[in-house]
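Student: okay, here's the prediction I keep looking at, along with the sequence it came from:
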Amino acid sequence: MPSILDELNEEQREAAATINGPVLIFAGAGSGKTRALTYRIAHMVKGERIPPESILAVTFTNKAANEMKERIRQLIGDKARRIWAGTFHSVCARMLRADGHHIGIPDNFVIFDTGDQSSIVKEALSVLDKDPKVYKPDEILNRISGAKNELITPQTYRRHRKGPWDETVHQVYVHYQRKLRENNALDFDDLLMETERLLREVPEVLKKYHDRFHYVMVDEYQDINHAQYKFVQALASKSRNICVVGDDDQSIYGWRGANVGIILAFEHDYPDAKVIKLEQNYRSTGKILECAYEVIKHNKGRAEKKLWTRKPPGDNPVQYEAVSAEEEAEWVATLIKQQVACTDFRYGDYAILYRTNAMSRVMEEALIANSLPYQVVGGVKFYERAVIKNVIAYLRVLYNPADSVSTRRIINTPTRGIGDKTIAELDRIAFARNVSMLEACKHIEESEDLQDRAKLAVERFDTMMANLRKTAETADLVTLTRAVAEDTGYLAHLEKSDAADDASKAENIKEFSSLAKRFQDTREDANLGAFLEHIALMSDIDQAEDIGNQVSLMTVHASKGLEFPVVFVVGMEEGIFPHERSMGDEFQLEEERRLAYVAITRAEKMLYFTHAYRRVIYGQPSQQRPSRFLKDLPDKLITRRLEISQLAKGSSLDREDTDVQETVVGGKSINVTEIMRRAQANQLLAAQRRVDTYEAKEAERAEQKAAAKQPDTSASKRTAPQSFSRRRKAEHIPTPEADLPSLKTGDRVEHAKFGKGMVVSVEGEGASLTYVVAFPNQGVKRLSAAFAKLEKA
DNA sequence: GGTTATGGATTTTTT
DNA sequence: ATCCATAACC
């Protein structure tokens, strides 16, 4: 009888067929992990007749969860809906809503985001009279989050503090946690920590889930933190049917509490675990995989594995040294443009990856200048825009009047004459009466030192909210959302304003309304609570779907899980990648290395690394050394173009090479050394042109800037752009036979046989200098510079 | 209550 | 260089 498992390779099949007992699947990049996983579930349900509702599949992202659900649905149909598949946070939220009351968590709790968290910490610091410059809110928040990930409660934190700074963290933590509960709110970390506590402290709840879930699967297990680990352990402790999937080489969230050690210790936790390695890669060509391995192999303590492929070795990845960040961007943009013009690649096949978001701007500028369509992935999140957060804050207060953090946010948005002083007074009343801020509004009368005007404003706000609440009780989501935008006067305020960005804010609100509509139309449980949870646990609207035919720009982190035919990794410099903040610490360097590994393994066919000889960082010009990760790549694997630093060093232009090699080609004796020397000279010449061009552009920029600032500041004030110290004019040296054309990408050429074409890229150096030329109707040809007769056309 | 000045920092961010 | 938050201003 044919089984769906026949469609898998041997290792995938083993992974999918082993359903009982603990299983650890090391799923390398591009090894068909999702396929193995979804087929595994399909096999369980269809082949083994396991009830879908007894399967729990946990992921980290909504995207992964949705993709898994959809692909399982394609395999087994609507039965897939009965599987519990979701993110850690959504699964936990669901459990807490159902059973949290056992540990004092009401079922209508709300989820606080980072902004809300920050507000509470700041408030705590002010209450405790601590200087927020010494105790930076973000740092404290990190500590609190870290503690929660380790299941350390405010009470037990006492034992973990080491010094006065920690003492403050402890105090803030206590205050913070109390505030959350007063607001009837949980933060992201609470969802995990409290669910773990629920399972640990309430046996009947644990039993309930043990009875329900006989099979537990966890994706991206290398990214799991301690709280998540304990949660999963608890759920799987009875059946021991636990299957975890991950790749320690792709663990890049250690700084967020993820602990790679957990996946590496799985076999220790379950000595009888079956370990399966998926090492066949279906994504990249051979050389790309080799590069990836050459980088990652330096990490210590990784589970040994090596990706392989049936694909051909493919082209050498290219390392390109640019003059500056601007030229780097320009090079990338032009190369993409030319390749799209001359090959079958389309814009959507390209990704530009960088280590830090700050690098996106210069790339964007170059892409705009060359009119290439592009999309920045993971920029400002829609739900995090201030306008949207304000609208959401209204909805949250309507759902949960105890939410004083949100009340504060909206009480004077749009401005309605409730200032700091009034808010402080409301705070006082709320504290004295032990009620929420919204409740305090009802007692504003008792305040003695407030003007009547302020009191009136508060009363009006209170009445408005009461009316909205009435609406909330009966109206559907869409109506309510509209009421919030309109009845509060917020939309009108934005629309009548003539500030430039307020129009787009109003647009955002309308967009939000249509999101509410979509939610209402697609969900059965389209109530306010569900909508708020959806928003809180959804980092962004699924933007990945409509990528379109555009170049994708994103951080390396954001690229995890994605793949592109052509990948550019830009800013491959010491201090940037690896980041300087990671360079002092071996552990962090290993994570940077994994990050580099992730970047490399995104590429299917072609991979480019670029770095700039010099770059302006924080406004300061500085010289950069190429990333150490590039040094890990053996020369035979990568084509390096490092002319700029060769120029700067004074280069080998005039160095006499001692051993003269001769080769006989076509009956003629050729002095190879000479040819190499000339080819190199010509490359240096081209490089010098690049430098000159960019220095001219920089000078122009500086001039414009000076002119813009002070219309009549003369040239004397202008500082010359940093130049190469031992720079020399490279000469163009003609060869005896023919002029060796020093071509660069984009040059139009003519070939005796192929006719007219365009140089797509230049590879290799010296005698192996190769031009890749695209000829219309003839395709793309690789031609040796030394031997092909190419004329500039 | 909204606007400008100043100081400070500036990696990554699945939920 | 530039963005952000808070502070000092009209």
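Tutor: It's in. Numbering: from 1, shown residues only, chains lettered A, B, ... in the order given.
Student: which residues of the stretch 601-750 of chain A lie near DNA strand B?
Tutor: Proximity of the stretch 601-750 of chain A to DNA strand B is assessed by Cβ under 7 Å from any atom of the strand, with A:Tyr618 identified as the residues in range. Yep, even glycine has a C-beta here, placed from its N, CA and C like the rest.
Student: pLDDT score for the residue in the stretch 601-750 of chain A positioned nearest to DNA strand B?
Tutor: For the stretch 601-750 of chain A, the residue positioned closest to DNA strand B under Cβ to the nearest atom of the strand is A:Tyr618, at a distance of 4.2 Å. For A:Tyr618, the model assigns a pLDDT of 90.
Student: give me the number of neighbouring residues for it.
Tutor: Counted by other Cβ atoms under 10 Å, the residues lying close to A:Tyr618 total 6.
Student: pull up the gap between it and A:Lys792, please.
Tutor: Distance of A:Tyr618 to A:Lys792, computed by Cβ to Cβ, to the nearest Å: 42 Å.
Student: checking whatever residue of the stretch 301-450 of chain A ends up closest to DNA strand C next. Helix, strand or coil?
Tutor: Residue nearest to DNA strand C within the stretch 301-450 of chain A: A:Arg361 (7.4 Å; Cβ to the nearest atom of the strand). Here A:Arg361 is helix, with the state taken from DSSP: H, G, I helix; E, B strand; the rest coil.
Student: how far away is it from DNA strand B?
Tutor: The gap separating A:Arg361 from DNA strand B is 11 Å, by Cβ to the nearest atom of the strand, to the nearest Å.
Student: check what pLDDT that residue gets.
Tutor: The predicted structure lists A:Arg361 with a pLDDT of 92.
Student: try the one 10 residues further on
Tutor: You'll see A:Ser371 listed with a pLDDT of 93.
Student: same question, the one 3 residues further on
Tutor: At A:Tyr374 the predicted local confidence, pLDDT, stands at 92.
Student: isn't it right next to A:Glu364, touching?
Tutor: Yes - using Cβ atoms under 8 Å, A:Tyr374 is in contact with A:Glu364, at 6.9 Å.
Student: what residues does the stretch 301-450 of chain A have near DNA strand B?
Tutor: A:355-358, A:378, A:381, A:412, A:414-415, A:417-419.
Student: which strand or helix spans A:Gly584?
Tutor: Secondary-structure assignment from DSSP states H and E places A:Gly584 in no helical or strand segment.
Student: nearest residue to the middle of chain A?
Tutor: Of all residues in chain A, the one closest to the mean position by Cα atoms, centre = their mean is A:Ala558, 2.2 Å from it.
Student: any idea how far the closest residue to that residue other than its chain neighbours lies from A:Ser145?
Tutor: Spatial nearest neighbour of A:Ala558, chain neighbours left out: A:Gly378 (4.3 Å); criterion: Cβ to Cβ, 6 or more residues apart in numbering. Applying Cβ to Cβ, one obtains 20 Å for the distance of A:Gly378 from A:Ser145.
Student: equivalent analysis for A:Gln171, please.
Tutor: Applying Cβ to Cβ, the value for A:Gln171 to A:Ser145 is 17 Å.
Student: in chain A, which residue sits closest to DNA strand C?
Tutor: Ranking the residues of chain A by distance to DNA strand C (Cβ to the nearest atom of the strand) places A:Gly619 first, at 2.9 Å.
Student: quick check: phi and psi at that residue.
Tutor: Recorded main-chain torsions at A:Gly619 are phi 80, psi -10, according to degrees, to the nearest 10.
Student: against A:Asp131, how distant is it?
Tutor: Taking Cβ to Cβ, one finds A:Gly619 at 28 Å from A:Asp131.
Student: likewise A:Lys230?
Tutor: According to Cβ to Cβ, A:Lys230 and A:Asp131 sit 36 Å apart.
Student: tell me which of the two has more neighbours.
Tutor: Taking other Cβ under 10 Å, A:Lys230 and A:Asp131 do not tie; A:Lys230 has more neighbours (20 against 9).
Student: check which helix or strand covers the more buried one.
Tutor: Counting by DSSP H and E, the secondary-structure element that holds A:Lys230 is helix A:226-236.
Student: now do A:Ala472
Tutor: Taking DSSP H and E as the criterion, A:Ala472 maps to helix A:452-474.
Student: can you list the buried residues in that helix?
Tutor: Burial within helix A:452-474, assessed by neighbour count using 16 or more other Cβ atoms under 10 Å, is assigned to A:454-455, A:457-458, A:461-462, A:465, A:468, A:472.
Student: what of stretch A:234-242?
Tutor: If you call a residue buried by 16+ other Cβ under 10 Å, then stretch A:234-242 has these buried ones: A:234-236, A:239, A:241-242.
Student: and that stretch, how far apart are its ends?
Tutor: The separation between the terminal residues of stretch A:234-242, taken as Cα to Cα, to the nearest Å, is 11 Å.
Student: and for stretch A:555-568?
Tutor: Between the opening and closing residues of stretch A:555-568 there is a gap of 11 Å (Cα to Cα).
Student: which parts of chain A sit against DNA strand C?
Tutor: With Cβ under 7 Å from any atom of the strand as the criterion, chain A comes near DNA strand C at residues A:122, A:132, A:616, A:618-619.
Student: which pair of those spans the longest distance?
Tutor: A:Lys122 and A:Val616 (33.5 Å; Cβ to Cβ).
Student: quick one, strands of the stretch 501-650 of chain A?
Tutor: Assigned by DSSP state E, counting those that start in this stretch, the strands in the stretch 501-650 of chain A fall at A:551-555, A:564-569, A:603-612, A:614-617, A:620-623, A:639-641.
Student: turn these into CSV, columns for mean neighbour count.
Tutor: Formatted as CSV, the entries for these read as follows, by neighbours: other Cβ atoms under 10 Å:
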stretch, mean neighbour count
strand A:551-555, 23
strand A:564-569, 24
strand A:603-612, 25
strand A:614-617, 18
strand A:620-623, 11
strand A:639-641, 20
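Student: turn these into TSV, columns for distance to A:Trp84.
Tutor: Conversion of the strands of the stretch 501-650 of chain A to TSV gives the following (distance: least, Cβ to Cβ, whole Å):
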stretch	distance to A:Trp84
strand A:551-555	30
strand A:564-569	32
strand A:603-612	34
strand A:614-617	47
strand A:620-623	52
strand A:639-641	49
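Student: need the helices for the stretch 201-350 of chain A, in chain order.
Tutor: If DSSP state H, counting those that start in this stretch is used as the criterion, the helices of the stretch 201-350 of chain A fall at A:203-212, A:226-236, A:260-264, A:266-269, A:286-296, A:325-342.
Student: and for the next helix or strand after the longest one, what are the contacting residues?
Tutor: Using DSSP H and E, the helix or strand that follows helix A:325-342 towards the C-terminus is strand A:350-354. For strand A:350-354, contacts defined as Cβ atoms under 8 Å, 6 or more residues apart in numbering pick out A:332, A:336, A:360, A:363, A:551-556, A:559, A:562, A:564-571, A:599, A:602.
Student: strands paired with strand A:350-354, and their directions?
Tutor: Each strand that strand A:350-354 pairs with, and the sense of that pairing, follows from DSSP bridges: strand A:551-555 (parallel), strand A:564-569 (parallel).
Student: mind checking if the last one is in reach of DNA strand B?
Tutor: Spelled out, that is strand A:564-569. No - judged by Cβ under 7 Å from any atom of the strand, strand A:564-569 stays clear of DNA strand B, getting no closer than 13.8 Å.
Student: and the contacts of that strand?
Tutor: A:332, A:336, A:339, A:345, A:349-354, A:552, A:556, A:577, A:596, A:599-600, A:602-610.
Student: longest helix of chain A?
Tutor: Of all the segments of type helix in chain A, defined by DSSP state H, the longest one is helix A:672-709.
Student: just want the angle from it to helix A:325-342.
Tutor: 110 degrees (axes from the mean of the first three to the mean of the last three Cα atoms, to 10 degrees).
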